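> quick one, structure for this:
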Amino acid sequence: MLEARSVALVGASARPGSLGARMITEVARSPSAPRTYLVNPRYTEIGGVPCLPNLAEVPESVDLVLLAVPDTTLEDQLVLAARTQVRSAVIFGNAFDADGGTGLRDRLAAIATDAGMAMCGAGCMGFVNVARGLRAMGYLEPDPVPAGSVALITHSGSVFSTLLRARRGFGFSLAVSSGQELVTTAAAYARYALGLAETRVLALVLEAIRDATGLRAALAAALAADVPVILLSVGLSQKAQALVSAHSGALAAADGAWEALAGAYGVHRVHDLAELADTLELFAVGRRAAGQGRAAKGTATGAAKGTATGAAKGIATVHDSGLERAHVADLAAELGVPFASIAPATVGRLAAALDPGLHPGNPLDVWGTGRDTEPLFAECLAALAADPQVAAVALAVDLVPEFDGDDAYPRAVLAAAAHTATPVAVLAGLPAALDPIAAARLRTAGVPVLEGTRSGLLALRHLLDHAVRPEPPRAAEPGPRRQRWAPLLSAGPPGSAVLFDLLRDYGIPAVRVRAAGTRAGTLAAAAEIGYPVVLKTDEPGIAHKSDVGGVRLGLAGPGALGAAYDDLAARLGPRVLVGQTAEPGTELALGLVRDPALGPLLIISAGGVFIEIFAERSVVLPPVTRSSARAVLARLRLAAVLTGARGQRPADLDAIADAMTGLSHLAADLGDLLDALDINPLICGPSGAVAADVFAVIR
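You can find the predicted model right below:
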């Protein structure tokens, strides 16, 4: 499909502006000059080129057919394409049935799959393979599409056109508007793109994971080849509709699968088109922040990673405005973009260049008397770029058109960039004020021009993050404990006491509990465990016990316990769980939720009654090691509490990490049998971490 040497255009048209006419124009612009056949029974020729009545009249089995036909005729045309052994197809239409239903899509997918046909769409714009010179689109795009190192795969046709027309400092090896991906998925295009020598950056704009296995393989290949992957994902996950009773399902539902996937493979997630464009431009130049080795799996996101020697690298910025310098510093702090701590030698070099009264530091305000602008700014940029702790340097000016023709800023940046391997960029504050001539000059010379303070700083953070790559994920095989637990879980939901035994078998400490169904049994269980005890309802279907008044803490003796049991039994039912009182500590929640595409995901968050109030959480793709678990903990704002903020005793972080690895092993063994599992709370103190409650949803 992507390197077709012969193409049939079904629905070719002589009507100006029509889909069929635009399709002819686009294919004719292909530098590879594929053999092209026009097909439409309404014409005998179009523009002097013969037009055939149907695909059966095409004198060869073509590599690719473009179907610019109404939805009502799509199925017949694809059947004919399969019968004539066409190898691939592009479907521009949305593929709706006459009644507005979507059954047609399933039928089209079956036809193409049975015939072994690749298929782009339905509901797509087509593609342009810049590296191989093939344009297969039904809409007019720039001619030529700028060539470069970015491979773009997007579910959105509007994003496809926007980026092709963006006039930014990057071009394309391949750009695909994949639409509904009825047959051929983003993963397949990504694997192809990574095989092109021209591809050095992969951009994905996706709303769903339609081939999880293929996508993971492509991301693993990109990670191994050190090809940055920039992802803009949209839409809410469709998982966990049946898991609303599980906290972990609710916490992961928004975009947990994307978060886990990105963390596992070092994918750079962006949040809008401005951040996407700035990040692509910065990476496409090819200059990288100094390499800092591999990190534990799951630690690729977040700025200010440590080097092999423990020092943290950061950015440096040069300004012509004291106020804008402060503004950039404020925004960088908000976004977690670190400034480098520059060396005394760099401070001295800057001091020698600056006008009297200006402070040599980072970020740096250079504007003094306004004399010798070019050599002054060039020297300051060069000095910062040479500092060993500076990973990237930016001239943070608005780059507005200068009415006196002064081009000192572009010349200063170009001079600095020419004598360093450190990434050098311009960080502009307002896209609408940007001088397009100056920007084009810089971009032609390989200097990125970032078109927004926020989006540009985020792009620089992605560049810093890329210096530390995660370890490639390794699949975990089920272990021997599966033989003990799979039959029990397959038989139906086990009792809560059994789930505590399950946790202990996977090395997750848990309070001692006993199940009871009578007042006498409850008192006997407490006598065995020892007072004070906790009493909880254990009635089926009550997942959030605290919400219904189903938890009583600190019951110090038989009288208090008996009264508490009578109340719970009357309101909620006789089945209860009597538990040991855990030592106080910080409450976390650990959970598993099964994503329909990726399988089990591990979630860690604040625990107890605040689990869904404090919405901060991390979602991780198992397997998890102790080191990667520690890294995940460090990224949470809760880390400050766990390490002993405001006089609290620090928690045993290794014990928490071990609980996470135990749950990861459980996921490998039994994840196919569980839709969700919640440990809430996991009470974390100086002497360890203990599970105080557990809830499961069996598949």
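
> secondary structure element for E587?
Per DSSP states H and E: E587 is located in strand 586-595.

> and that strand, what other elements does it pack with?
In terms of contacts (3 or more Cβ pairs under 8 Å, 6 or more residues apart in numbering; DSSP states H and E), strand 586-595 is packed against helix 247-252, helix 256-265, strand 599-606, helix 653-670, strand 674-685. All C-beta atoms are positioned from the backbone trio N, CA, C, and that covers glycine.

> check those for me: which has the lowest mean pLDDT.
Among the helices and strands packed on strand 586-595, helix 247-252 has the lowest mean pLDDT, at a mean of 55.

> got the helices and strands packed on strand 586-595 as CSV, with distance to A147 and mean neighbour count columns?
Shown next, in CSV, are these (distance: least, Cβ to Cβ, whole Å; neighbours: other Cβ atoms under 10 Å):
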stretch, distance to A147, mean neighbour count
helix 247-252, 40, 27
helix 256-265, 27, 24
strand 599-606, 39, 25
helix 653-670, 44, 22
strand 674-685, 48, 25
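
> tell me which of these lies nearest to G17.
Among those, helix 256-265 comes nearest to G17, with 38.5 Å by Cβ to Cβ.

> what's the first helix or strand after the closest one?
Using DSSP H and E, the helix or strand that follows helix 256-265 in sequence is strand 268-269.

> so which of the helices and strands packed on strand 586-595 gets nearest D226?
Closest to D226 of these, according to Cβ to Cβ: helix 256-265, at 12.0 Å.

> tilt between that closest one and strand 586-595?
Interaxial angle of helix 256-265 relative to strand 586-595 (axes from the mean of the first three to the mean of the last three Cα atoms, to 10 degrees): 100 degrees.

> next one: the residue nearest to A417 when sequence neighbours are not counted relative to A220, how far apart?
Using Cβ to Cβ, 6 or more residues apart in numbering and skipping the chain neighbours, the partner closest in space to A417 is V424 (4.1 Å). Counting by Cβ to Cβ, to the nearest Å, the gap from V424 to A220 is 32 Å.

> what about the two, which has more around it?
Using other Cβ atoms under 10 Å, the more surrounded residue of V424 and A220 is V424, with 26 against 14.

> wait, what's in contact with the more buried one?
Going by Cβ atoms under 8 Å, 6 or more residues apart in numbering, V424 touches 287, 381, 385, 392-395, 413, 416-417, 447.

> I'd say H155 and V205 touch.
Yes: using Cβ atoms under 8 Å, H155 is in contact with V205, at 6.4 Å.

> just name the closest of the contacts of V424 to G608, please.
Once Cβ to Cβ is applied, the member of the contacts of V424 that ends up nearest G608 is A392, at 41.7 Å.

> next, format the helices and strands packed on strand 586-595 as JSON lines and append distance to S233.
JSON lines is the format used below for the helices and strands packed on strand 586-595 (distance: least, Cβ to Cβ, whole Å):
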{"stretch": "helix 247-252", "distance to S233": "14"}
{"stretch": "helix 256-265", "distance to S233": "4"}
{"stretch": "strand 599-606", "distance to S233": "15"}
{"stretch": "helix 653-670", "distance to S233": "23"}
{"stretch": "strand 674-685", "distance to S233": "22"}
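
> G559 is nearest to which of these?
Closest to G559 of those is strand 674-685 (Cβ to Cβ; 26.3 Å).

> just checking: what are the partner strands of the closest one?
Sheet pairing of strand 674-685 (DSSP bridges) gives strand 586-595 (antiparallel), strand 688-691 (antiparallel), strand 694-698 (antiparallel).

> which one of the ones you listed is the most hemmed in?
Most buried of the strands paired with strand 674-685 by mean neighbour count (mean count of other Cβ atoms under 10 Å) is strand 586-595; its value is a mean of 25.

> need the CA coordinates for that strand. CSV is fine.
Backbone C-alpha positions of strand 586-595 (Å, rounded to 0.1, in the frame of the first residue of the first chain) are rendered in CSV as follows:
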residue,chain,number,x,y,z
THR,A,586,0.3,6.9,55.9
GLU,A,587,-2.6,5.2,54.0
LEU,A,588,-2.0,4.3,50.3
ALA,A,589,-4.0,2.3,47.9
LEU,A,590,-2.7,-0.4,45.5
GLY,A,591,-4.8,-1.8,42.8
LEU,A,592,-5.0,-3.8,39.6
VAL,A,593,-7.5,-3.2,36.9
ARG,A,594,-7.7,-5.1,33.6
ASP,A,595,-7.6,-2.9,30.6
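
> so A89 lies in a helix, does it not?
No: looking at A89 with DSSP: H, G, I helix; E, B strand; the rest coil, it is strand, so not inside a helix.

> what's opposite it in the beta bridge?
Beta-bridge partners, per DSSP bridges, of A89: V65, M119.

> likewise L134?
With DSSP bridges as the criterion, L134 is bridged to N129.

> can you pull the contacts of it?
L134 sits next to 2-4, 30, 32, 34, 127-128 when contact means Cβ under 8 Å, 6+ apart.

> then P494?
By Cβ under 8 Å, 6+ apart, the residues touching P494 are 488, 502, 696.

> per-residue confidence at the first one?
At L488, the model reports a pLDDT of 93.

> now it, nearest residue through space, not along the chain?
That would be P494: by Cβ to Cβ, 6+ apart, it lies 5.8 Å from L488.

> okay, and that neighbour sits in which element?
Using DSSP H and E, no helix or strand contains P494.

> with just CA atoms, put the host helix or strand of A188 into PDB.
Taking DSSP H and E as the criterion, A188 maps to helix 186-194. Taking C-alpha atoms only, helix 186-194 is exported to PDB below (Å, rounded to 0.1, in the frame of the first residue of the first chain):
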ATOM      1  CA  ALA A 186      -1.500   2.600  13.700                       C
ATOM      2  CA  ALA A 187       0.900  -0.100  14.900                       C
ATOM      3  CA  ALA A 188       1.400  -1.400  11.400                       C
ATOM      4  CA  TYR A 189       2.200   2.000  10.000                       C
ATOM      5  CA  ALA A 190       4.500   2.700  12.900                       C
ATOM      6  CA  ARG A 191       6.500  -0.500  12.300                       C
ATOM      7  CA  TYR A 192       6.800   0.400   8.600                       C
ATOM      8  CA  ALA A 193       7.900   4.000   9.400                       C
ATOM      9  CA  LEU A 194      10.600   2.800  11.800                       C
END
